[in-house]
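Chemist: Fold the following for me, if possible:
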Amino acid sequence: MLPELQQQIQAALATAVEGILPGSNPVIKLERPKQPEHGDIATNVAMQLAKPNKRNPRELAQEIVNALLGNEDTKSFLAAAEIAGPGFINLRLTQATHQAVANVIAEQGSAYGNAPGNGESVIVEFVSANPTGPLHVGHARQAALGDCICRLYSASGYQVHREFYYNDAGNQINNLTISVQAHAKGITPDSKEYPADGYRGDYIADIARDFLDKKSVTADGQTITASGDINNMDDIRRFAVAYLRHEQDLDLQAFNLQFDNYYLESSLYSDGKVAETVQKLIESGYTYEHENALWLKTTELGTGDDKDRVMRKSDGGYTYFVPDVAYHVTKWQRGFNHAVNIQGSDHHGTVARVRAGLQALNMGIPKDYPAYILHKMVKVMRGGQEVKISKRAGSYVTMRDLIEWVGQDAVRFFLIQRRADTEFVFDIDLALAKGEENPVYYVQYAHARICKILRDSADLLAYLKDADVSLLTAPSEITLLRRLAELPNVIQLAAKELAPHHIAFWLLDCAADFHSWYNAERIMVEDQALKLARLRLADSTRQVIANALNLLGVSAPEKM
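Modeler: Alright, predicted model coming up:
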């Protein structure tokens with residue numbers, strides 16, 4: 001239902017309850033009944049209040065219903081109210097209330113579903129791949145989730161900042177450097193002399209060849225030219241990292257994804273932020289020395305860690321969560337009171353440690369800062385067989401492989417349509433199918449079908465603004481109007497739960513409701529007024545499907 005209508009209904013219920021149980025101030029929750037025949041809206045407010053007030057829930061529900069129906073103000077939107085089961089109250093809205101959504105959509109257009117600005121800002125960190133190889137399908141899932149969550153936050157009134165954190169320091173960069181050096185010296189992965197922890201994809205050979213040819217590569221506005229000196233490890237490292245950052249930029253561009261900032265882990269060291277954070281942690285009293293290592297008392301900081309953690313190892317190097325703590329301090333200091341991190345489920349141990357470090361600093365940072373979405377990995381299937389390797393990467397399917405095989409629309413929709421914490425099988429054959437079994441095709445076809453209807457009625461479109469929507473009374477029309485009215489609340493729910501799959505599910509339901517209406521009712525009827533009303537409903541559906549697809553970063557084609 002529309003947010004304004006939801007507020008009206010909640011206010012009417014609150015008034016009814018106040019007249020029966022003064023001062024009770026219940027939290028009034030509204031939901032859509034699972035069975036359409038049970039009504040448009042259900043509430044358990046009577047059951048919620050019955051026990052603490054020693055009342056029979058059905059009797060209390062009946063009093064609330066009587067008060068609702070006796071209120072003159074509710075007659076503009078409430079047609080009936082009934083009691084079900086142990087005390088649920090089911091509400092039925094007037095047809096005029098359902099029909100009014102078409103006017104709201106026409107007025108708001110592409111902004112339909114969006115909330116006004118709330119003055120809040122949020123930083124969403126996602127993809128954040130090591131610059132050691134091409135982006136894989138796990139990164140693709142992060143990219144789809146992250147971009148959609150950013151769009152949901154924007155639609156919910158937030159100022160959104162997209163950030164990519166480059167892990168350009170540590171052992172993985174050393175392994176990249178020695179891998180490229182080995183190839184440059186003519187040592188291949190099948191040789192015993194090849195580094196044991198070296199990277200083995202064909203891309204390493206490409207980097208080595210371009211390094212020897214003294215080529216240049218541009219990443220983040222900086223151009224790095226290879227020296228060709230196979231003994232200069234610093235030159236190899238700089239060129240290899242820039243080369244792979246450039247390749248990753250191409251992957252992100254193919255996914256139509258842009259970031260506001262790329263933050264380098266190495267800068268935390270060069271700017272002294274890691275050393276500063278460690279010193280403040282020592283001063284906090286939550287650290288101790290043991291076996292020549294510095295430990296953080298994470299078990300005392302209320303973030304759920306099961307044991308204390310090493311911060312500085314006996315060799316003087318920091319463990320990986322220390323720069324993560326320093327990095328999140330910068331997020332807080334940059335004014336981002338809300339932060340979301342999207343990472344693979346293998347980062348589960350990071351959550352409690354980073355939050356513990358932030359709590360130890362006593363900076364007023366909330367205990368649940370940052371919020372985390374930990375996603376499961378993706379299995380790619382083709383022809384009934386799992387696809388495990390890519391020539392480009394050597395050992396895994398890349399983001400670019402997926403995009404080249406099925407296109408970015410299918411990649412985005414498929415990777416969004418399941419909860420992030422569930423395993424996902426990406427079926428290449430299904431993503432290429434042109435039928436209703438392919439979810440993204442099914443939704444996009446609904447949009448394209450509507451566009452054809454409107455093209456074929458081009459001479460009538462100028463009259464749609466004056467169409468009489470009160471003529472939309474068929475059951476399939478009311479069902480579709482109810483569905484269109486849901487989008488604003490679905491957006492708010494998806495943003496609150498960090499669960500963009502709600503949008504994908506809603507789109508499939510909306511497309512199904514449209515197809516059902518299209519099959520049940522003729523649009524181009526003899527009655528001119530009814531024809532215009534139905535064209536108005538078709539156009540409203542087109543607009544709302546396009547708005548929802550845009551939240552997923554998926555196109556809304558006019559022809560298919």
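Chemist: and the spatially most central residue of the chain, which of the three is it?
Modeler: For the chain, Ile149 is the residue whose C-alpha lies nearest the centre (Cα atoms, centre = their mean; 3.1 Å). Of the three states, Ile149 takes helix under DSSP: H, G, I helix; E, B strand; the rest coil.
Chemist: any weak-confidence spans in the stretch 351-500 of the chain?
Modeler: The stretch 351-500 of the chain contains residues with pLDDT under 70 at 389-394.
Chemist: which residue ranges form the strands in it?
Modeler: Under the criterion DSSP state E, counting those that start in this stretch, the stretch 351-500 of the chain carries strands at the ranges 371-375, 378-382, 385-387, 424-427.
Chemist: Take the ones you listed and lay them out in JSON lines including mean neighbour count and distance to Gln6.
Modeler: For every residue, glycine as well, the C-beta is placed using N, CA and C. Below are the strands of the stretch 351-500 of the chain laid out as JSON lines (neighbours: other Cβ atoms under 10 Å; distance: least, Cβ to Cβ, whole Å):
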{"stretch": "strand 371-375", "mean neighbour count": "19", "distance to Gln6": "25"}
{"stretch": "strand 378-382", "mean neighbour count": "17", "distance to Gln6": "36"}
{"stretch": "strand 385-387", "mean neighbour count": "12", "distance to Gln6": "45"}
{"stretch": "strand 424-427", "mean neighbour count": "18", "distance to Gln6": "33"}
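Chemist: okay if I get these as CSV plus distance to Phe259?
Modeler: As requested, the strands of the stretch 351-500 of the chain are exported to CSV (distance: least, Cβ to Cβ, whole Å):
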stretch, distance to Phe259
strand 371-375, 17
strand 378-382, 22
strand 385-387, 28
strand 424-427, 24
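Chemist: ok so, going back, isn't the residue nearest to the centre of the chain up against Glu497?
Modeler: No - the pair Ile149 / Glu497 is not scored as a contact, 10.3 Å apart, by Cβ atoms under 8 Å.
Chemist: How about Phe426, nearest residue that isn't a chain neighbour?
Modeler: Val380 (4.9 Å; Cβ to Cβ, 6 or more residues apart in numbering).
Chemist: distance of the one you found from Asn547?
Modeler: According to Cβ to Cβ, to the nearest Å, Val380 stands 30 Å off from Asn547.
Chemist: Run through the helices of the stretch 151-300 of the chain in chain order.
Modeler: Using DSSP state H, counting those that start in this stretch, the helices of the stretch 151-300 of the chain run over 171-184, 202-212, 233-254, 265-270, 273-284.
Chemist: quick one, which of those is nearest to Leu402?
Modeler: helix 233-254 (9.7 Å; Cβ to Cβ).
Chemist: List the buried residues for that closest one?
Modeler: Applying a neighbour-count criterion of 16 or more other Cβ atoms under 10 Å, one finds 235-249, 251-252, 254 buried in helix 233-254.
Chemist: and if you look at stretch 312-322?
Modeler: Residues of stretch 312-322 classed as buried by neighbour count (16+ other Cβ under 10 Å): 312, 318-322.
Chemist: Can you lay out those as a markdown table showing distance to Ser121?
Modeler: Formatted as a markdown table, those follow (distance: Cβ to Cβ, whole Å):
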| residue | distance to Ser121 |
| --- | --- |
| Arg312 | 33 |
| Tyr318 | 29 |
| Thr319 | 30 |
| Tyr320 | 27 |
| Phe321 | 25 |
| Val322 | 26 |
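Chemist: Return the closest of those with respect to Glu193.
Modeler: Of all the buried residues of stretch 312-322, Glu193 sits closest to Tyr320, with 29.3 Å by Cβ to Cβ.
Chemist: ok, the closest one touching Gly170?
Modeler: Yes - the pair Tyr320 / Gly170 is scored as a contact, 7.2 Å apart, by Cβ under 8 Å.
Chemist: sorry, back to before: between the helices of the stretch 151-300 of the chain, which one is closest to Phe514.
Modeler: helix 233-254 (30.8 Å).
Chemist: what inclination does that closest one have with respect to helix 202-212?
Modeler: Our comparison of helix 233-254 with helix 202-212, counting by axes from the mean of the first three to the mean of the last three Cα atoms, to 10 degrees, yields an angle of 120 degrees.
Chemist: what residues does helix 233-254 touch?
Modeler: Outside helix 233-254, the residues that touch it by Cβ atoms under 8 Å, 6 or more residues apart in numbering are 127, 129, 131-135, 139, 143, 166, 168, 173, 176-177, 180-181, 184, 203, 207, 210-211, 217-220, 222, 224-227, 229-230, 258-259, 398-400, 403, 408.
Chemist: any idea of the mean pLDDT in it?
Modeler: For helix 233-254, the mean pLDDT works out to 94.
Chemist: Ok, stretch 271-285 next?
Modeler: Stretch 271-285 shows a mean pLDDT of 96 in the predicted model.
Chemist: same question, stretch 537-551
Modeler: 98.
Chemist: And it, how far out from the chain middle?
Modeler: 19 Å (Cα atoms, centre = their mean, to the nearest Å).
Chemist: for stretch 76-88, same thing?
Modeler: Its chain's C-alpha centre and that of stretch 76-88 lie 35 Å apart, by Cα atoms, centre = their mean.
Chemist: end to end, how far does that stretch reach?
Modeler: Stretch 76-88 has an end-to-end distance of 22 Å (Cα to Cα, to the nearest Å).
Chemist: who's in contact with that stretch?
Modeler: Contacts to stretch 76-88, defined as Cβ under 8 Å, 6+ apart, come from residues 5, 8-9, 12, 38-39, 42-44, 46-47, 50, 57-58, 60-62, 65, 68-69, 89-97.
Chemist: how about a cut-off of 6 Å?
Modeler: Stretch 76-88 has contacts (Cβ atoms under 6 Å, 6 or more residues apart in numbering) with 42, 44, 46-47, 57-58, 61-62, 65, 68-69, 90-94, 97.
Chemist: For that stretch, give the mean pLDDT please.
Modeler: The pLDDT scores in stretch 76-88 average 94.
Chemist: now the helices: where do they sit in the stretch 451-560 of the chain?
Modeler: 475-497, 501-520, 528-551.
Chemist: Let's have the ones you listed in JSON lines, adding mean neighbour count and distance to Pro26.
Modeler: JSON lines is the format used below for the helices of the stretch 451-560 of the chain (neighbours: other Cβ under 10 Å; distance: least, Cβ to Cβ, whole Å):
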{"stretch": "helix 475-497", "mean neighbour count": "20", "distance to Pro26": "20"}
{"stretch": "helix 501-520", "mean neighbour count": "20", "distance to Pro26": "26"}
{"stretch": "helix 528-551", "mean neighbour count": "22", "distance to Pro26": "32"}
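Chemist: Nearest approach to Val469 belongs to which of those helices?
Modeler: Per Cβ to Cβ, nearest to Val469 of the helices of the stretch 451-560 of the chain: helix 528-551, 5.7 Å.
Chemist: what about that closest one, distance to the chain center?
Modeler: Worked out by Cα atoms, centre = their mean, helix 528-551 lies 26 Å from the chain centre.
Chemist: Which strands or helices does it pack on?
Modeler: With contacts taken as 3 or more Cβ pairs under 6 Å, 6 or more residues apart in numbering; DSSP states H and E, helix 528-551 sits against helix 95-108, helix 439-456, helix 501-520.
Chemist: can you list contacts of the first one?
Modeler: Taking Cβ under 6 Å, 6+ apart as the criterion, the residues outside helix 95-108 that touch it are 77, 112, 469-470, 472, 478, 481-482, 484-485, 536, 540, 543.
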